[in-house]
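J.: coords please:
(one chain, ligands or ions: 2)
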Amino acid sequence: MQLALFGGTALQDGKQEMKMIGRLNHVAIAVPDLQAAAAQYESTLGAKVGPPQDEPDHGVTVVFIELPNTKIELLFPLGEGSPIQNFLDKNPSGGIHHICYEVDDILEARAQLQSQGARVLGSGEPKIGAHGKPVLFLHPKDFTGCLIELEQV
Ligand SMILES: CC[C@H](C(=O)O)C(=O)SCCNC(=O)CCNC(=O)[C@H](O)C(C)(C)COP(=O)(O)OP(=O)(O)OC[C@H]1O[C@@H](n2cnc3c(N)ncnc32)[C@H](O)[C@@H]1OP(=O)(O)O
Ligand SMILES: [Co+2]
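T.: Ligands and ions are numbered 1, 2, ... in the order given. Now for the predicted structure:
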């Protein structure tokens, strides 16, 4: 199933798709040791590293690393039933977990994606993410094995 995530592609009948994803907001990395990973980005890689932020509604603690053109989000499980626990069990050294794209209107994006058969994870309702903005997640199996987060900006 080929799903259109970005606009500008003319369809057979010449109708333009609605533009959807915009800027890359962040690339998330699940890590087995948040403090060690943050220290490595700060001292070994010389990056600007923010403080840990508990996000109980999402079952993670996050640390954001500001880059000139985007952000890295370090993720560590918070509490029981964290959505990233299985991922870390399968990838004990850690690994790239998801990519977050920005959208203008998350409900419009959701409607368009669902009309194309894409699966929106969880309840399907946007939650407020680490930046205080509504976010949604799309099933990795629908997007070439990549877990996609959409954040309305
Ligand atoms: C504070 C918010 C913050 C922000 O930016 O604002 C965040 O980003 S919060 C981030 C944490 N929250 C989430 O990730 C929510 C969405 N994720 C989920 O609902 C789950 O992680 C899910 C459903 C994607 C996977 O859950 P789980 O691993 O427990 O399920 P399975 O083991 O059954 O996996 C199913 C299937 O998917 C593959 N998989 C799992 N995770 C990923 C991934 N990150 N990237 C690619 N593929 C992934 C997994 O290997 C299974 O494939 P299979 O071939 O069946 O083995
Ligand atoms: Co994220």
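
J.: which one's the longest strand in the protein?
T.: As far as residue count goes, and with DSSP state E defining each element, the longest strand of the chain is strand 95-103.

J.: and stretch 48-61, anywhere near ligand 1?
T.: Yes: Stretch 48-61 lies within reach of ligand 1 by CB under 6 Å from any ligand atom, at 55, 58, 60. Backbone N, C-alpha and C define where each C-beta goes, glycine included.

J.: pull out the buried positions in that stretch.
T.: Along stretch 48-61, these residues count as buried under the neighbour rule (16 or more other CB atoms under 10 Å): 49, 58, 59, 60, 61.

J.: one more: stretch 102-122?
T.: When neighbours are counted by 16+ other CB under 10 Å, the buried residues of stretch 102-122 are found to be 102, 103, 106, 109, 110, 112, 113, 118, 120.

J.: ligand 2: which of these is nearest?
T.: Out of those, the one with the shortest distance to ligand 2 is residue 102. That distance is 11.6 Å, counting by CB to the ion.

J.: and for residue 43, the neighbour number?
T.: By the other CB atoms under 10 Å criterion, the neighbourhood of residue 43 contains 10 residues.

J.: now do the phi/psi pair for it.
T.: Dihedral angles of residue 43 (phi, psi; degrees, to the nearest 10) stand at phi -90, psi -40.

J.: could you do residue 113 as well?
T.: Comment: the main-chain dihedrals of residue 113 come out as phi -70, psi -40, following degrees, to the nearest 10.

J.: can you check the one 4 residues further on too?
T.: Residue 117 adopts backbone torsions of phi 90, psi 10, taken as degrees, to the nearest 10.

J.: ok, it to residue 135 distance?
T.: 21 Å (CB to CB, to the nearest Å).

J.: surely residue 25 meets residue 72?
T.: No: Residue 25 lies out of contact with residue 72 (CB atoms under 8 Å); the separation is 10.9 Å.

J.: report the contact partners of residue 126.
T.: Residue 126 sits next to 106, 107, 110, 134, 135, 136, 152 when contact means CB atoms under 8 Å, 6 or more residues apart in numbering.
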